[in-house]
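In: The amino acid sequence is not available; the structure is as follows:
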Ligand SMILES: Cc1ncc(COP(=O)(O)O)c(C=O)c1O
């Protein structure tokens, strides 16, 4: 099957809905392109005018099992038939306890764990912030430049990927220190790679500057980071970066917190990206793919870290019975799918590398499993060139391929985890046509020879 555009989007029905939305919905919403969804099935989305799109962004890396997976939908229906709410903070039910047990069972090398269920990624980040301060009785938090953790106050205080997320919302939560993330392919400070590796990835920033000049490490509660940068550009750090952070945490009694809201629940071909690096954190924050689209997140912490007492934290809806049922069904679908995610991811990487040879506007291609980023560059200078990314997104939409950018100049490929090689080929065919058009529009064909290193 291929994408099918019958009516140039947005068609008449889509336009009517967009008009209504513009009139009444908050102007803070982004609305990347005028996609108006009617229904979804697996990796396919159908709009209200009958167009069929191939979804390579999964509702921002959320629809892990594809759209409306029958097992997930059935679990939701069965749970809804029984009861909608009782409040997991105050009472017990089977699916809540089962989900906590299930999530605590992943990453056995972290040792025994306990789980707190939330409604979203940002709520899980807020909870994790409270947990690490409460457990350590320390105030400072270290976060990463380029990181993204959500939209609530604690989360935006950790964020450092787009200034608009923080602008005019201050004062933010105090005590947050931002250090550079390790970019193995290109330092955002435009330093050479070797320089970047020593400045960013050996903990030198912390050990040679922050801990000597600004903050006593005995006052640092935790280091929060995404083990693979999501909104900041789908960046995989060198493993040494995470090893160094782990060492520094162990030396100073600091907790290491992985925000796996985007990289977790099978997206990388492992249940959590921590396994890829084999560097374990003390706390994992999960959400997005966990409920296949139902609002649920989790703080998964070492038992010896989740020490906050009865009543110190709670959530009315966090882990509500319908979402817990969806999450349990999601995990049942995802677990056996992991080898396929790795295999299809390799296929996608190979396909993108083939396109890179034809289209010099594609720079670095990186990622693992179905968390893949393609950086767009100026074909002559090889410098990141964000101007092409938005245009490509729009172009792909009009041809039936749903893409999403991240960082300043990267297109992320984060399809539902159920995609096959055939889906990938169909999507890359559309992408190739879009790139041809982009090359044509901007005279990008035959610019400079492709940098061998990319
Ligand atoms: C890494 C990461 N953390 C946290 C969040 C926030 O999650 P939510 O939108 O569910 O609050 C996101 C959302 O994009 C994310 O990518």
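Out: Now that the structure is in, tell me what you want to look at. Small disclaimer: the values here were computed from a predicted structure and weren't measured. Numbers count the residues shown, from 1 in each chain.
In: which helices and strands sit right next to the helix or strand that residue 348 is a member of?
Out: Per DSSP states H and E, residue 348 falls inside helix 338-358. Packing partners of helix 338-358 (3 or more CB pairs under 8 Å, 6 or more residues apart in numbering; DSSP states H and E): strand 362-368, strand 371-376, helix 421-442. (C-beta placed from N, C-alpha, C; glycine too.)
In: Break the chain into its domains for me.
Out: 12-68+337-442, 85-319 (automatic domain parsing).
In: if you look at the longest one, does any of it touch the ligand?
Out: Yes. Using CB under 6 Å from any ligand atom as the criterion, contacts between domain 85-319 and the ligand involve 120-122, 125, 148-150, 226, 230-231, 259, 261-262, 287.
In: mind listing which of these are in strands?
Out: residue 259 (DSSP state E).
In: give me the low-pLDDT residue ranges for the stretch 151-300 of the chain?
Out: Within the stretch 151-300 of the chain, the ranges that satisfy pLDDT under 70 run 185-203.
In: Any idea which residue of it lies closest to the ligand?
Out: Ranked by CB to the nearest ligand atom, the top residue of the stretch 151-300 of the chain for proximity to the ligand is residue 261, at 3.4 Å.
In: if we can go back for a sec, minimum distance to residue 69: which of the helices and strands packed on helix 338-358 has it?
Out: helix 421-442 (14.9 Å; CB to CB).
In: re the thing from before, dump the helices and strands packed on helix 338-358 to JSON lines, plus mean pLDDT and distance to residue 42.
Out: Output for the helices and strands packed on helix 338-358, formatted as JSON lines (pLDDT from 0 to 100; distance: least, CB to CB, whole Å):
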{"stretch": "strand 362-368", "mean pLDDT": "95", "distance to residue 42": "22"}
{"stretch": "strand 371-376", "mean pLDDT": "97", "distance to residue 42": "19"}
{"stretch": "helix 421-442", "mean pLDDT": "96", "distance to residue 42": "8"}
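In: In TSV, list these along with distance to the ligand.
Out: Putting the helices and strands packed on helix 338-358 into TSV (distance: least, CB to the nearest ligand atom, whole Å) gives the following:
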stretch	distance to the ligand
strand 362-368	15
strand 371-376	11
helix 421-442	22
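In: of all these, which gets the most neighbours per residue?
Out: strand 371-376 (a mean of 26; mean count of other CB atoms under 10 Å).
In: Show me what secondary structure element comes after that one.
Out: Taking DSSP H and E, what comes next after strand 371-376 is helix 387-398.
In: Walk me through which strands the helix or strand just after that next one pairs with, and which way each runs.
Out: Moving toward the C-terminus from helix 387-398, the next helix or strand (DSSP H and E) is strand 401-402. Using DSSP bridges, strand 401-402 pairs in its sheet with strand 52-55 (parallel).
In: who touches the strand it pairs with?
Out: With contact meaning CB atoms under 8 Å, 6 or more residues apart in numbering, strand 52-55 is reached by 1-5, 35, 40, 43-47, 63, 67, 397, 400-402, 415-416, 423, 426-427, 430.
In: Averaged pLDDT, that strand. What do you get?
Out: The predicted model assigns strand 52-55 a mean pLDDT of 98.
In: just how off-centre is that strand within its chain?
Out: 20 Å (CA atoms, centre = their mean, to the nearest Å).
In: Quick one: the helices and strands packed on helix 338-358 as CSV, columns for distance to residue 164 too.
Out: Converted to CSV, the helices and strands packed on helix 338-358 look like this (distance: least, CB to CB, whole Å):
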stretch, distance to residue 164
strand 362-368, 25
strand 371-376, 21
helix 421-442, 26
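In: contacting residues around the spatially closest residue to residue 297 that is not a sequence neighbour?
Out: Using CB to CB, 6 or more residues apart in numbering and skipping the chain neighbours, the partner closest in space to residue 297 is residue 287 (3.2 Å). By CB under 8 Å, 6+ apart, the contact list for residue 287 reads 118, 120-121, 124, 261, 296-298.
In: again, but for residue 206
Out: 142, 179, 217, 248.
In: In helices only, show me those residues.
Out: Assigned to helices by DSSP state H, the following of the contacts of residue 206 qualify: residue 248.
In: Compare the contacts of residue 206 and tell me which is most surrounded.
Out: residue 142 (27 neighbours; other CB atoms under 10 Å).
In: Secondary structure element holding the residue nearest to that residue when sequence neighbours are not counted?
Out: Leaving out its chain neighbours, the residue that sits closest to residue 142 by CB to CB, 6+ apart is residue 223, at 4.4 Å. Assigned by DSSP H and E, residue 223 belongs to strand 220-225.
In: Distance from that strand to the middle of the chain?
Out: Counting by CA atoms, centre = their mean, strand 220-225 comes out at 19 Å from the chain centroid.
In: what does that strand contact?
Out: With CB under 8 Å, 6+ apart, strand 220-225 has contacts from 125, 128-129, 132-133, 135-136, 138-144, 147, 149, 158, 181, 245, 248-249, 252, 254-259, 282-283.
In: Just the buried subset of the residues you listed, please.
Out: Buried by 16 or more other CB atoms under 10 Å: 125, 128-129, 132-133, 135-136, 138, 140-144, 147, 149, 158, 181, 245, 248-249, 252, 254-259, 282-283, out of those.
In: Looking at the residues you listed, which are in helices?
Out: Using DSSP H, the buried ones among the contacts of strand 220-225 in helices are 125, 128-129, 132-133, 135-136, 158, 245, 248-249, 252.
In: tell me the mean pLDDT over the host helix or strand of residue 20?
Out: Following DSSP H and E, one finds residue 20 within helix 12-24. Averaged across helix 12-24, the pLDDT comes to 98.
In: contacting residues around it?
Out: Under the criterion CB under 8 Å, 6+ apart, residues 10, 31, 34-36, 47-49 lie in contact with helix 12-24.
In: tell me which of these is nearest to the ligand?
Out: Set against the ligand, the nearest of the contacts of helix 12-24 by CB to the nearest ligand atom is residue 31 (15.6 Å).
In: burial count for that closest one?
Out: The tally of other residues near residue 31 (other CB under 10 Å) stands at 11.
In: From residue 311, how far out is it?
Out: With distances taken as CB to CB, to the nearest Å, residue 31 is found 40 Å from residue 311.
In: give me the number of residues near whatever residue of the stretch 51-200 of the chain ends up closest to the ligand?
Out: When scored by CB to the nearest ligand atom, the stretch 51-200 of the chain has residue 121 as its residue closest to the ligand, at 2.2 Å. When neighbours are counted by other CB under 10 Å, residue 121 registers 30.
In: if we can go back for a sec, how about the residues of domain 85-319 next to the ligand, which pair is most distant?
Out: Pairwise over the residues of domain 85-319 next to the ligand, using CB to CB, the maximum falls at 120 and 226, 15.9 Å.
In: These two: which is more packed in?
Out: Set residue 120 next to residue 226 and count neighbours by other CB under 10 Å: residue 226 wins out with 26 against 21.
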